[in-house]
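In: heads up, no residue letters with this:
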C-alpha cells in the first residue's frame, strides 16, 4: 500500500513539473494537411491530447463497470460451468451404481459444457480402465495430463524404447514439473541406473514431488544398492555410511555396513552402528551379528551373555525378550529361557517359543510339522530362521 501511494506521488510530481516546464516554455505547434492549416500553442495541444486520453480511459472504465454490473458473460459462463459439473456428479453416481452406459452419457454431456477441461475425459478413463488409452490424447497438447496418459500407455504396452526416448529427450516445460522427475526416478530405479536415479531424486526433492521421509528412504536405498556394486572397499564404506545415515532402521543395510566396518577392523564404529539400530528396532539379526562380533568366545554361552546386554538396553521391547529367549534356548539354559518366555506378551510368539523350548529340552531333533505349521507366520514376522535353533 505504501509503495503504491509513493508511486502515485512520484507520478503527480512528474506531471506537475511537466506542466510547470510547458507553462514557462510555451511554444507553437503548426499542422498542415492538404488545404488545412492549424496553428495553436503547445499548451493547448497538450491539454487537448490529455483530454482525449482521459476521455478514452473514462469510456473504457464506464464500459467495464456497466459490463460487470450486468454480468452478461459471467452469468453465461457460470451457467455452463454449473451444468457441466452437475453432469460430472451424475456420472460419478452412475459409476458407483455400475451403470456404464449412463456414466458415458453423462460424461460426454459434461464435456460439451466443459470443453476446456480434461476432467470428463480422465474420469471416463479411470472409471472404465478397459477403454482405449488413445482417447486421452484429446487432452491439451504437450500438457502434463497428456504426457502422463502417454506414459501410462507405454507402460501398459511395455514399450521400453518409447519410455527411454521420453525420459532421454523430455519437453523443456516438463523439466520444471515435479511429476516428471518422480516418474523419471522410478523408471531409472527400475533399470538400476543408480546415478541417473540419484539426479532424478534430487529434482524430486527440489520440486517436492516426494515427501521428505520418502526422499530419505529412497536415498538410503540408492546408496545401499550402489555400495553392493562398488568394488573399491573405501568407496563402498562411504556409500554404506550414507545409507545408514539416511535410514538407520533398514536392518539389511545396517548389517552389511557393520560387517564391512568389521572387515576394515573398525569394530568401535560397528558397535555404535549396531547399538543404534537395535535401539531403533530390536531384531534377532542385529542381536546375532552383535554377538558374533563382540562375544569374548565363539561359544553360544558367551553370545547369550552379550545378547542379554542388548536386552537390558531395551527391557520393555517384546522383540528384545524374544531375542533373549532364543539365545537362552540355544545355550540350553532352560529355566532362564522359560522365565523370559512367560514374560512375553505376544501370545503367538510365547506359544511358539514354548513349543521350541520343550522340543529342545527333550532333545528332539525336529518339531512335528502339524504342531509347528500354525506358527510359521509368527516366525516370519519375527524375521527368525528356524535354522538358528539347530
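Out: Thanks, I have it. Quick caveat, the model's predicted, so the values are computed rather than measured.
In: ok, and for the one helix or strand residue 185 maps to, which residues are buried?
Out: Using DSSP states H and E, residue 185 sits in helix 178-190. By 16 or more other C-beta atoms under 10 Å, the buried positions in helix 178-190 come out as 178, 179, 180, 181, 182, 183, 184, 185, 186, 187, 188, 189. Just so you know, the C-beta spots here come from the backbone N, C-alpha and C atoms, and that holds for glycine as well.
In: tell me the secondary structure for the residue most central in space within the chain?
Out: Residue closest to the mean C-alpha point of the chain, counted by C-alpha atoms, centre = their mean, is residue 210 at 2.0 Å. Following DSSP: H, G, I helix; E, B strand; the rest coil, the label given to residue 210 is coil.
In: what about this structure, any weak spots by pLDDT?
Out: 1-4, 19-20, 22-26, 42, 67-76, 96-98, 118, 121-143, 145, 364-390 (pLDDT under 70).
In: now the strands for it?
Out: 28-33, 36-41 (DSSP state E).
In: residue 165 is nearest to which of the ones you listed?
Out: When these are compared by C-beta to C-beta, strand 28-33 sits nearest residue 165, at 64.1 Å.
In: now for the longest helix along the chain, which elements pack on it?
Out: For the chain, the helix with the greatest residue count under DSSP state H is helix 42-70. With contacts taken as 3 or more C-beta pairs under 8 Å, 6 or more residues apart in numbering; DSSP states H and E, helix 42-70 sits against helix 2-24, strand 28-33.
In: just put the ones you listed in JSON lines and tack on distance to residue 352 and mean neighbour count.
Out: Formatted as JSON lines, these follow (distance: least, C-beta to C-beta, whole Å; neighbours: other C-beta atoms under 10 Å):
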{"stretch": "helix 2-24", "distance to residue 352": "73", "mean neighbour count": "10"}
{"stretch": "strand 28-33", "distance to residue 352": "106", "mean neighbour count": "10"}
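In: the ones you listed: which one's closest to residue 330?
Out: Per C-beta to C-beta, nearest to residue 330 of the helices and strands packed on helix 42-70: helix 2-24, 76.7 Å.
In: re earlier: and the nearest residue to the residue nearest to the centre of the chain once chain neighbours are set aside, how many neighbours?
Out: Using C-beta to C-beta, 6 or more residues apart in numbering and skipping the chain neighbours, the partner closest in space to residue 210 is residue 204 (4.6 Å). By other C-beta atoms under 10 Å, 24 other residues sit near residue 204.
In: OK, contacts around residue 204?
Out: For residue 204, the contacting residues are 178, 181, 182, 185, 210, 215, by C-beta atoms under 8 Å, 6 or more residues apart in numbering.
In: kindly report the same for residue 83.
Out: Counting by C-beta under 8 Å, 6+ apart, residue 83 has contacts residue 113.
In: any idea how far residue 95 is from it?
Out: Using C-beta to C-beta, to the nearest Å, we find residue 83 at a distance of 19 Å from residue 95.
In: and residue 269, by the same measure?
Out: Taking C-beta to C-beta as the criterion, residue 269 is separated from residue 95 by 57 Å.
In: nearest to residue 332, of the helices and strands packed on helix 42-70?
Out: Using C-beta to C-beta, those put helix 2-24 closest to residue 332, at 83.2 Å.
In: would you list the buried residues of helix 178-190 in a markdown table and tack on distance to residue 323?
Out: Below are those laid out as a markdown table (distance: C-beta to C-beta, whole Å):
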| residue | distance to residue 323 |
| --- | --- |
| 178 | 42 |
| 179 | 44 |
| 180 | 45 |
| 181 | 41 |
| 182 | 39 |
| 183 | 42 |
| 184 | 42 |
| 185 | 36 |
| 186 | 36 |
| 187 | 40 |
| 188 | 38 |
| 189 | 33 |
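In: which single one of the residues you listed is nearest to residue 283?
Out: residue 189 (25.7 Å).
In: number of residues surrounding the nearest residue to the closest one once chain neighbours are set aside?
Out: Counting by C-beta to C-beta, 6+ apart, residue 189 lies nearest to residue 197, which is 4.7 Å off, once chain neighbours are set aside. Using other C-beta under 10 Å, residue 197 has 24 other residues around it.
In: my guess is residue 197 contacts residue 222. True?
Out: Yes: using C-beta atoms under 8 Å, residue 197 is in contact with residue 222, at 5.8 Å.
In: next, count neighbours for residue 156.
Out: Neighbour count of residue 156, defined by other C-beta under 10 Å: 10.
In: the one 5 residues further on too?
Out: The number of residues packed around residue 161, counting by other C-beta under 10 Å, is 8.
In: ok, now which ones touch it?
Out: Residue 161 neighbours (C-beta under 8 Å, 6+ apart): none.
In: and residue 213, how many neighbours does it have?
Out: With other C-beta under 10 Å as criterion, residue 213 counts 9.
In: ok, now which ones touch residue 90?
Out: Residue 90 makes contact with 102, 106 under the criterion C-beta under 8 Å, 6+ apart.
In: same check on the one 4 residues further on?
Out: Going by C-beta under 8 Å, 6+ apart, residue 94 touches 100, 102, 103, 106.
In: quick one: which of these is most hemmed in?
Out: Comparing the contacts of residue 94 by number of neighbours (other C-beta under 10 Å), residue 106 comes first, having 24 neighbours.
In: wait, it touches residue 86, no?
Out: No: contact criterion C-beta under 8 Å: residue 106 and residue 86 do not qualify, at 9.0 Å.
In: what do those two both touch?
Out: By C-beta under 8 Å, 6+ apart, no residue touches both residue 106 and residue 86.
In: quick one, helices of the stretch 251-390 of the chain?
Out: Secondary structure of the stretch 251-390 of the chain (DSSP state H, counting those that start in this stretch): helices at 251-263, 267-280, 284-294, 300-313, 318-330, 334-342, 347-361, 369-372, 376-382.
In: go through the second one and flag the buried ones.
Out: Think helix 267-280. Buried, per 16+ other C-beta under 10 Å, within helix 267-280: 270, 271, 273, 274, 277, 278.
In: those into JSON lines, with extra columns for distance to residue 314?
Out: Shown next, in JSON lines, are the buried residues of helix 267-280 (distance: C-beta to C-beta, whole Å):
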{"residue": "270", "distance to residue 314": "19"}
{"residue": "271", "distance to residue 314": "16"}
{"residue": "273", "distance to residue 314": "16"}
{"residue": "274", "distance to residue 314": "13"}
{"residue": "277", "distance to residue 314": "11"}
{"residue": "278", "distance to residue 314": "7"}
